[in-house]
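In: No letters, just coordinates:
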Ligand SMILES: Cc1ncc(COP(=O)(O)O)c(C=O)c1O
């Protein structure tokens, strides 16, 4: 099978891509899943690899029965696939799995580096960061300085390199590391990582990259960009249920003490003392690992490597441009973040429709058009606040009303459509048509919804319970009934 055929076959293989849901009016059809920035769908052949591994399931860390030996080997293979995928020389870098997402990796690195280099008490973090790549640094360091972005109001985004240079000059050898996202989870704006690495290294600071929103969308080369630490979540790259991933220079890991202690990371333990192992990644992976998740993720990375991330990126750029042009041509629609013609972006497009709260947009896209998008501030409150600065001033909120806080919450945010390998031009066209439809019948839509909570909306006549769609109890009952 050639690359293009493999790509086409993988695109068609995602589990849940065509799951059918009901819509207002009684029809039922396959969903359009545009919530990949939160979590991607599962790539079926990779799931199959994990499933097959279960036939041989055993824990790792033993070589003496077939299954344990196989598990250890396959777990090791997953680490190799990670390194290969981000072009990290295994002599220089080591990959380890941590927690259930990227958050564990940031907490781990922040705690360790604060302890290892206490004389460097400043961390530089961009204003675009997800809270996961901001709050752990705030927690462990004396001072976190936020790097501003380019542009203003709804076009705010992409690192301001000039301001970064000035901050580096100002804080110089006090900087422990610079932590930036590879691509924003709000606007998709891509950071020039090699340039940031070069500036960081001039003052002996490390570069930590949050690749959560980049890993499934663009090629990443740790070798070329000279990145010290890269962190991402497996569930953002077609392996839901897989662990968080950290790839770090061995030289960095050799300097830090392990944060988590327990089985698998010690050479020997006495009542009086214990000796941690020098072997990486074992030292960083205390406890029984998520072996199935890691192997599934390894399989995804292997398959994507065969296709080539350049090709994946090329396909996505086409869809981003199409979506940007289509959505921006609709009256009353605001798109956020830099224009893709000015700054490269991944397939994440945040938007608002005039007269619609973000929750209403997301609910109506779901209920009327079977399109699944996310809404809110996407755990990037400072960035979203900046993007909405002008609009919030102009919004008609009665600050004396008893529900003023709720009103603000309902307005403070956006809807976000985000792409995956399974996204087609038809999906983007469906989104553009749906947004145009909603924008054109605002009064009618408003009349059919009531606000719930601080940022939700519920259709007054159409509201299937989640259990009608999927219910673990029903699945179990069906199994038991079938078994007789
Ligand atoms: C840019 C970015 N960083 C970090 C995270 C945190 O990932 P996780 O929740 O898997 O730890 C997310 C999740 O949405 C994200 O989009």
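Out: Arrived safely. From a predicted model like this one, the values you see are computed outputs, not experimental measurements. Numbers count the residues shown, from 1 in each chain.
In: okay, CA-based contacts and neighbour counts for the rest of this
Out: Noted.
In: what are the ranges of the helices in the stretch 351-484 of the chain?
Out: 358-369, 381-387, 389-394, 404-411, 425-440, 442-447, 466-469, 472-483 (DSSP state H, counting those that start in this stretch).
In: looking at these, which has the lowest confidence?
Out: Mean pLDDT is lowest for helix 389-394 among these, at a mean of 76.
In: before we move on, back to that, deepest of the helices of the stretch 351-484 of the chain, which one?
Out: helix 358-369 (a mean of 24; mean count of other Cα atoms under 10 Å).
In: Tell me which of the helices of the stretch 351-484 of the chain sits nearest to residue 177.
Out: Residue 177 lies closest to helix 381-387 among the helices of the stretch 351-484 of the chain, at 20.5 Å (Cα to Cα).
In: hang on, the earlier thing: which among the helices of the stretch 351-484 of the chain is found nearest to the ligand?
Out: Of all the helices of the stretch 351-484 of the chain, helix 381-387 sits nearest to the ligand, with 11.8 Å by Cα to the nearest ligand atom.
In: Distance to the ligand for the helices of the stretch 351-484 of the chain - can I get that in CSV?
Out: As requested, those are exported to CSV (distance: least, Cα to the nearest ligand atom, whole Å):
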stretch, distance to the ligand
helix 358-369, 17
helix 381-387, 12
helix 389-394, 21
helix 404-411, 20
helix 425-440, 21
helix 442-447, 29
helix 466-469, 22
helix 472-483, 23
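In: Give me the secondary structure label for the most centrally placed residue in the chain.
Out: Among the residues of the chain, residue 212 comes closest to the average C-alpha position under Cα atoms, centre = their mean, at 3.9 Å. Each residue gets one of three states, and residue 212 gets coil by DSSP: H, G, I helix; E, B strand; the rest coil.
In: For the nearest residue to it once chain neighbours are set aside, list the residues it contacts.
Out: Distances taken as Cα to Cα, 6 or more residues apart in numbering put residue 232 closest to residue 212, at 4.4 Å, once the chain neighbours are dropped. Shown in contact with residue 232 (Cα atoms under 8 Å, 6 or more residues apart in numbering): 101, 102, 105, 210, 211, 212, 215, 244, 245, 246.
In: Next one: residue 397 from the ligand, what distance?
Out: Look at residue 397 and the ligand: by Cα to the nearest ligand atom, to the nearest Å, they are 29 Å apart.
In: Compute the number of surrounding residues for that residue.
Out: 15 (other Cα atoms under 10 Å).
In: my guess is it meets residue 410, correct?
Out: No - between residue 397 and residue 410 there is no contact under Cα atoms under 8 Å: 10.5 Å.
In: What distance do you get for the residue lying closest to residue 274 once chain neighbours are set aside to residue 59?
Out: Computed as Cα to Cα, 6+ apart, the closest residue to residue 274 that is not its neighbour in sequence is residue 268, at 5.7 Å. Distance from residue 268 to residue 59, counting by Cα to Cα, to the nearest Å: 20 Å.
In: Name the residue in those two with the higher neighbour count.
Out: residue 59 (18 against 10).
In: Give the closest residue to the more buried one in space, chain neighbours not counted.
Out: residue 68 (5.8 Å).
In: Show me what the helix or strand harbouring the one you found is packed up against.
Out: Counting by DSSP states H and E, the element that carries residue 68 is helix 66-85. Packing partners of helix 66-85 (3 or more Cα pairs under 8 Å, 6 or more residues apart in numbering; DSSP states H and E): strand 93-98, helix 291-307.
In: Make TSV from these and add distance to the ligand and mean neighbour count to it.
Out: Shown next, in TSV, are the helices and strands packed on helix 66-85 (distance: least, Cα to the nearest ligand atom, whole Å; neighbours: other Cα atoms under 10 Å):
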stretch	distance to the ligand	mean neighbour count
strand 93-98	10	26
helix 291-307	13	24
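In: rewinding a little: you'd agree the residue nearest to residue 212 is in a helix?
Out: No - counting by three-state DSSP, residue 232 is not part of a helix but strand.
In: ok, it to residue 221 distance?
Out: From residue 232 to residue 221 the distance is 14 Å (Cα to Cα).
In: just to revisit the earlier point, now distance to residue 134 too, for the helices of the stretch 351-484 of the chain, in JSON lines please.
Out: JSON lines is the format used below for these (distance: least, Cα to Cα, whole Å):
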{"stretch": "helix 358-369", "distance to residue 134": "24"}
{"stretch": "helix 381-387", "distance to residue 134": "10"}
{"stretch": "helix 389-394", "distance to residue 134": "21"}
{"stretch": "helix 404-411", "distance to residue 134": "22"}
{"stretch": "helix 425-440", "distance to residue 134": "32"}
{"stretch": "helix 442-447", "distance to residue 134": "37"}
{"stretch": "helix 466-469", "distance to residue 134": "33"}
{"stretch": "helix 472-483", "distance to residue 134": "36"}
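In: which residues are contacting stretch 199-215?
Out: Contacts of stretch 199-215 (Cα under 8 Å, 6+ apart): 37, 102, 133, 165, 168, 172-173, 175-185, 188, 196-197, 220, 227-233, 236-237, 346.
In: just the buried members of those residues?
Out: Buried residues within these, counting neighbours by 16 or more other Cα atoms under 10 Å: 37, 102, 133, 168, 172-173, 175-185, 188, 196-197, 220, 227-233, 236-237, 346.
In: Now intersect these with the helices, please.
Out: Counting by DSSP state H, the buried ones among the contacts of stretch 199-215 place 102, 168, 196, 197 in helices.
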